[in-house]
Each structure stands twice: as C-alpha cells, then as structure tokens.
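Participant: Sequence isn't available, so here's the structure alone:
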C-alpha cells in the first residue's frame, strides 16, 4: 500500500468511526430492524440491575444523550432506611454503581450521590450498600444530614409549597438522575419517582403538614428537572412500606423502568405494582396532581413504550 | 545530685494513657471509637458504688490501703483535668508563681467528712442527686459532653466547610442537638469551679467537696506506701510544701497528710536534699514527731480536728435530720400526675424502671454522647429535682434505633443494664398514644402517615379512613416506645402521637415472622 493510500484510508476510517450509529445498533440489538423513534419510556424485565440498565439506556440511545462531557452529575437514589439490599428499603446498590460508572464513562466531571435519609444517615449509607458501591465506581458520596447542606429555592408553580431548601449538590449540578426504588408507602400510598423528591429537601415536616400529595407534586415543579428517572423494581416492597419489617414484604420482580417523563414512569410503576397489590391511582394523589402541572402524562397509550424481556 | 523524678513521670504517663482515650470517647461525635472503650470507665468509684460492683470497690479500697490515693491522679478524669488546668495555669509563670505557689493548710475535715456523710445518707434514703452533683467522674463527663464536645464539633464544622469546597467529605457537618440548658449550666459551673479552685489552692476540690476523695482519704491515711520525710536530711526549706497541689505537706513538722495526698509525687522531685521518698512506711512503723513547743502553740490556735471523730459527729448530726430530708424528697417528686401532659420521662431501654434509673444514674452523659441517634438528652427541672441532668429519651427530632443497644453497652454504672438485640427489640419503654382529634388526616383531610412510616414494628399502622385516606392506629402490644412516630409527627404545638412512658419497663412479643410469598410476574402491567 502506498503511503498516500494509507493516509486516505485512515482519514475515511476515522470519519466513519466518529459517525454515530448508536440508534442503529440499539435497533439491531433489540431485533427490530426498522429504524424507529426513540421511545418515551423503556421497561426491562428479567435481568440483573446492571444488565437491565444497559439494555434500557441502549434503547433510549445511550447515556451520552443525557449526560454530556464535563458535566457535574448528581444521582439521587432512595437511601432512606437502615436496611440491607435484600429488604428493598433502598435503591439497589448494583444499579447505583452501574449508573455512576456510566455517567463517568460518558465524561461527567464528577458524579455525586446523596439522600436526606430517615434513619441515621451513616447507617443508611452503609447498610444499603450504596456508600461502598458509589466509592467503588469512582463517585462521591455526600452527606445530607445537616441543614447546612441545603439552600432555599423558590417554587413559583407550587400550590401548597412555595419554596423549599434543596441540597446544594443538586443546585450546583449540570444534570441529575432520579433513581427511586418502587415501594408501598403508608402515607403517600406509593413511593416512586415523584416521591423520591422528598429526599432532596431539608424540611419534610411541612410536606406532611400541608397536604402531602400536593406538596410532592409541588416540589416536582422545581425548574431543574432530572434528565432521567430510573425506577428500580428489582425487588419491590409491596406492604409495610416505606420501611418494611421483613423479607415477607418484598417481591422479586427483576424489573427496571426508565423515562425522562416523571408522571408516566410513576403511572407505569403503579401498573407494575398493581400486579402484586391492588392500589388505586386515585389513592396515589400526587401522580394526577403532577399531570395537572404538565410534568408528564398518565396516558401511557399516547407514549412510545418499549418493553424488553430478557 | 537530683534524681530523675521517675515516680512523677510514670504518674503523668499513666494519667495521659487513661485520660486521652476517655476524653476522646466523650467527644467522639463521629462514633469512631468502639463501645468497649467504656471498659476504661468501669473502675470509676461512684459508678461502681451505685452499680454495686463489689469487686471493683474492693480493688479500689485495697489499692488505696496499699499505695494511697493513686486513683485521684491516674484513674480520676476530673483529677487529671484539674492537673491539666494547673499545668495550663503555670504556663509562662515563674516557678515561684506557678508550680511552687502552694502552702500548707490544715485539712477541712468537718466540711469534707460532713459532706461525705450527708451525701451517703441522702443516697441511702433514695436521693442520689447530691452524689451525682459532686461525683468527680460525672462532673468530668458533663464538662466533656457539654463543653469540650460542642467546641470540637464547631471546629470540625469549620474544617468540613473548607474541605467541602474541594469535594472532600471525609469531614462532615454536624449539629449540636443534645446539649440542654441545664446540662450546659451544670458543666459550666463545674468547669469554672475546677478552674477557680485549682488556681487558688490546687486540689482543693478533691479534699473538700469530692466524695470519692474523702472516702479514699479515710482509707489512704492508713496506706502502707506513702510519701515520707527523711528527717535527718530535711532542712525544712519548704519547697515540697510549695509544690504540693493538695497542700498536705507541713514542712515545719515534716509531715505529709496522707489522707489528702493524691500521690502526684511532685514533692519528691522538688526536694533538693532527696529527703522525701515514697516508701513502705505503715502506721505502726511511723515514729511520732515530737512537736517543738512554739509550733504546738501555733497549732492549738487552729486546732487539728481529728478526722474520724468529726466524721462520726457529723454523721450523727445528719442522721437526726434524715427524716425531714426524706419527706422533702417526697414533696419534690410528684408521685402520679393524672393529667397526660405530665407523663414521667421515658428512660433508656435497659434501665428497667424509672425508680431504679434514678437511683443508679450519675448523669455522666456518656450515653448521651454515644447514642447514635442523639435521642438521649439530659433533663432540666421538668421532671423534678431528682431527675435533674439525667438522660431521657426526647423524641423531639429523633428516635431510638430499633436494634441499637449502645447506651446499655457503655453505661458504667449499670443504670442502663446491658441488653441483647433480642431483648432490646422487645423492651417496651413506653407506649405510643394516638390522639385522633389532632391528627392531620382528621383535621385537614389529607394524607400523612409519617408515624406509621417510621414504626419499625408496624405497631403504628394505617387503616382505612374517609375515601382513599388512611389514618394511623396503634397495636399497643407491638409498640416498644421507640418514638419513631412521635419524632416525625408534623402536628404542632402538641403532636398527635406521643409516647407515654412505662414507669416499669415490660417485655412484649416480637413482631410475628410472616412467610415469604413467592410472587411470579411475567408482565409489566402497563
């Protein structure tokens, strides 16, 4: 090969490599040959958390669509309780770990993880396995135990809640990902993506004092929305939530739902939940209230949904 | 030629060896030290006395009989704290104004033995409050808990703020929540008292107010090993008396008052003639000093009170007034208030009953420091004078962790008896009382359920109410009184669910284990 030819080929090859075939690859990998529209919501069932995350993100067009190079990223799991992963009180640590890695691989300058816990924060961080998972993946696990970490924010759209103190990691973040675990909940009836917002604020008492369901919807109107919601339903607490008493409260569903649409993902999660325990949408008042705020839709039939079974 | 003051330096060495971990354990707001550090505190005399640990008492008494009040210089954190204060006071001062500022004073036997007698009698008649206020260990505990600890936390916060800017969270922000007004005042008064007394007359506290000092003094006056004069060598220069923190050395008469000597051994190094030694010198071997005439005249002006005689005299005098004391104590304690707002304090799991806890707790606040959920708080006067400064479970913004047994593991007096995890989760310290007329679900017709959320046994659970609403209900036989519900209830000023204390703790059945049901799902359901 002549040197000129070699250079020419190299240039062409280089150009080819830099082209983005991700959506094509996604389509190929899910056996749908025709190039289709990016789905609004992806649900995966039957794999380990990290595998399901892989498949789901692939279907959405890759993490790179949501996390850009150099961004400061916050991942907000549910780490509310001093419970081990088997009891499903908190987001699955494997999922959090895989997600931290994905964000760092996508070029995030740093990935911070925190939650305003209910039980003693150090115990929650440790027992949930999330502190270790985040460190192993190269992320930063940040405390959320002190009012000092929270700064006031206005919620002009809020009905009951006009302002709140929100964790500064989120205020500084360029993008954040909401990673709830799907559970039964004594007060809100269901805790999922919208309810997970209660862990980003300092004062939760005002929520309970001023119409819990409305306040949950109100806090979701905060201008900085998560780029993605990822619902962990690998194990699901179907009763005695949100804390749970024992393994008898947990059903293993090996599922994961992902969507930027927070109302849709909670609606879908409720559908999943309903297969184990009956729960009326009307009882989970905050979902409808979220729709009234135009935060998303409960009409799943109007959305492009991709269901993947592994 | 001067000898190396080996005894003094070994005293300092052992004192630091003991004092440092104990102090850090009291400051330990990050829970870095294992709970077993508390084993160091099991040798404290008043806790051992109240806990009825006969072996430890015997050990301490034998130690004092053999070697004198070594306890006061090496094992008593308050004693070592006073030495530290003394050291700080001497900084930058010439020897004459610093380490050699003391002079011999005759003992205040009526005061010290009288106070000891009163304290013991009060305790025997069920009022341990005076002992708690005078106990050196507990005073040290309160100073460390309510002063040293918050200051350290404040410094930590400054450092954490700085590190936060570089995304380092190895230090994190902490809030001081467990220091109550009463505890702060008690600690401040104690620390100021220590500083003033030390600056003025060295170990005056230990030889007047301290019940442990007085008790050990009664024994150590007969100690076999003691600091003794070599009368042939002594030139009566008085350097030893000037360096004696206990002001127990009378250089003119060449005597050391062993009942007040705390075995600091500073005098031995101060003597230029090496005529002071710590040696085997029991009472029966001691040669009586024939007092020079002019000195005996001197001492008759201030008569040498006989310790034992005055002790007995005071005891008798106090015994006469005891009946009035016990009636006084009864007046202070409201026996049973019918109004629910005046429920007695919730005492820690392991304390068994309110009365037992009041008898045994010296309010050292070690449990307050070590409680990972910061739920234990020292009381003020809200529960009467005989519960003053003692810790109770205050469900203001936290609750007792379900499986946690830390307070019972660290308590040096046994006031909080050690519990296994199984015992802990079935010990009912109180019962949640739900008052529907205040509940948000009832008054506002909105969802809440915060109480049930935090209930580890689901004794507080949600039952159907109006429409889709659910409202709390309490299964009392499942409730252990952990306060999860009360701490989170958003209703103010009075919460809708409050734990009513059990004056006698009882055991309840653990929550029944449910069978794990296999749930099979093949569909997404949407």
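Facilitator: Arrived safely. Since we're looking at a predicted model, the values are computed, not measured.

Participant: Contacts only, for residue B:105.
Facilitator: B:201, B:247 (Cβ atoms under 8 Å, 6 or more residues apart in numbering or on different chains). Heads up, the C-betas are built off the backbone N, CA and C, glycines and all.

Participant: Repeat the analysis, applying 6 Å as the threshold.
Facilitator: Contacts for residue B:105 (Cβ atoms under 6 Å, 6 or more residues apart in numbering or on different chains) come out as residue B:247.

Participant: Look at it and give its secondary structure.
Facilitator: Here residue B:105 is recorded as coil under DSSP: H, G, I helix; E, B strand; the rest coil.

Participant: try residue B:279
Facilitator: strand.

Participant: my guess is residue B:183 meets residue B:378, correct?
Facilitator: Yes. Using Cβ atoms under 6 Å, residue B:183 is in contact with residue B:378, at 3.9 Å.

Participant: more crowded one of these two?
Facilitator: In terms of neighbours (other Cβ atoms under 10 Å in any protein chain shown), residue B:378 is the more surrounded of residue B:183 and residue B:378; the figures are 27 against 24.

Participant: Show the pLDDT at the more buried one.
Facilitator: For residue B:378, the model assigns a pLDDT of 97.

Participant: For it, name its beta-bridge partners.
Facilitator: Beta-bridge pairing for residue B:378 (DSSP bridges): residue B:391.

Participant: Which residues are in contact with it?
Facilitator: Applying Cβ under 6 Å, 6+ apart to residue B:378 gives the contacts B:180, B:183, B:389, B:391.

Participant: Which one (most neighbours) among these?
Facilitator: If you count neighbours using other Cβ under 10 Å, the busiest of the contacts of residue B:378 is residue B:391, which has 31 neighbours.

Participant: My read is that that one contacts residue B:376, right?
Facilitator: Yes. Residue B:391 is in contact with residue B:376 according to Cβ under 6 Å; the separation is 4.3 Å.

Participant: what do those two both touch?
Facilitator: The contact sets of residue B:391 and residue B:376 overlap at B:367-368 (Cβ under 6 Å, 6+ apart).

Participant: quick one: the strands in the chain?
Facilitator: Since you didn't name a chain, this refers to chain A. Counting by DSSP state E, one finds strands in chain A at the ranges A:41-45, A:72-77, A:110-113, A:140-141, A:150-154, A:163-167, A:175-179, A:181-185, A:189-191, A:228-237, A:250-259, A:305-309.

Participant: Sorry, I should have been clearer: chain B.
Facilitator: Ranges of strands within chain B are B:225-229, B:249-250, B:255-256, B:276-280, B:376-378, B:391-393, B:427-434, B:460-464, B:470-474, B:497-507, based on DSSP E.

Participant: which residues are in contact with the second one?
Facilitator: By that I understand strand B:249-250. Outside of strand B:249-250, the residues that reach it under the criterion Cβ under 6 Å, 6+ apart are B:104, B:240-241, B:256, B:267.

Participant: could these go into JSON lines alongside distance to chain A and neighbour count?
Facilitator: Compiled in JSON lines, these are given as follows (distance: Cβ to the nearest Cβ, whole Å; neighbours: other Cβ atoms under 10 Å in any protein chain shown):
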{"residue": "B:104", "distance to chain A": "54", "neighbour count": "19"}
{"residue": "B:240", "distance to chain A": "53", "neighbour count": "29"}
{"residue": "B:241", "distance to chain A": "54", "neighbour count": "22"}
{"residue": "B:256", "distance to chain A": "52", "neighbour count": "25"}
{"residue": "B:267", "distance to chain A": "49", "neighbour count": "26"}
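
Participant: Up against chain A, what does the stretch 151-300 of chain B have?
Facilitator: Residues of the stretch 151-300 of chain B that fall close to chain A, judged by Cβ under 6 Å from any Cβ of the partner chain: B:167, B:169, B:172-173, B:175.

Participant: again, 8 Å this time
Facilitator: Applying Cβ under 8 Å from any Cβ of the partner chain, we find that the stretch 151-300 of chain B lies next to chain A at B:157, B:161, B:167, B:169, B:172-175.

Participant: Give me the PyMOL select line for those residues, limited to the buried ones.
Facilitator: If you want just the buried ones from those in PyMOL, going by 16 or more other Cβ atoms under 10 Å in any protein chain shown, the selection is:
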select buried, chain B and resi 157+172+173+174
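
Participant: List just the nearest of the residues of the stretch 151-300 of chain B next to chain A to residue B:81.
Facilitator: Distances from residue B:81 to these, taken as Cβ to Cβ, are shortest for residue B:174 (23.8 Å).

Participant: Could you give the number of residues near the residue nearest to the closest one when sequence neighbours are not counted?
Facilitator: Taking Cβ to Cβ, 6 or more residues apart in numbering or on different chains as the measure, residue B:174 lies nearest to residue B:153, with 5.1 Å between them; neighbours along the chain are not counted. Counted with other Cβ under 10 Å, residues neighbouring residue B:153 total 18.

Participant: what does residue B:473 give?
Facilitator: By other Cβ under 10 Å, the residues close to residue B:473 number 14.

Participant: who are the neighbours in contact with it?
Facilitator: Under the criterion of Cβ under 8 Å, 6+ apart, the neighbours of residue B:473 are B:434, B:460-463.

Participant: and which of these is nearest residue A:185?
Facilitator: Minimum separation from residue A:185 among the contacts of residue B:473 (Cβ to Cβ) is found for residue B:462, which lies at 9.6 Å.

Participant: List the contacts of the residue in the stretch 101-250 of chain A that chain B sits nearest to.
Facilitator: The minimum distance from the stretch 101-250 of chain A to chain B, using Cβ to the nearest Cβ, falls at residue A:187 (2.8 Å). For residue A:187, the set of contacting residues under the criterion of Cβ under 8 Å, 6+ apart consists of A:208, A:212, B:447-450, B:452-453, B:462.

Participant: Most neighbours among the residues you listed, which one is it?
Facilitator: In the contacts of residue A:187, the most neighbours by other Cβ under 10 Å go to residue B:448, 31 neighbours.

Participant: what's the burial count for the residue of the stretch 1-150 of chain B found nearest chain A?
Facilitator: The stretch 1-150 of chain B approaches chain A most closely through residue B:31 (7.5 Å), counting by Cβ to the nearest Cβ. By other Cβ under 10 Å, the residues close to residue B:31 number 15.

Participant: who are the neighbours in contact with it?
Facilitator: Each residue near residue B:31 by Cβ under 8 Å, 6+ apart is listed here: A:122, B:370, B:372.

Participant: Could you double-check that the second one lies in contact with residue B:407?
Facilitator: Yes. With contacts counted by Cβ atoms under 8 Å, residue B:370 reaches residue B:407, the gap being 6.7 Å.

Participant: who's more crowded, the two?
Facilitator: Counted by other Cβ under 10 Å, residue B:370 and residue B:407 do not tie: residue B:407 has more neighbours, with 28 against 23.

Participant: looking only at pLDDT, what's the mean for stretch B:487-503?
Facilitator: Per-residue confidence for stretch B:487-503 averages out to 96 on the pLDDT scale.
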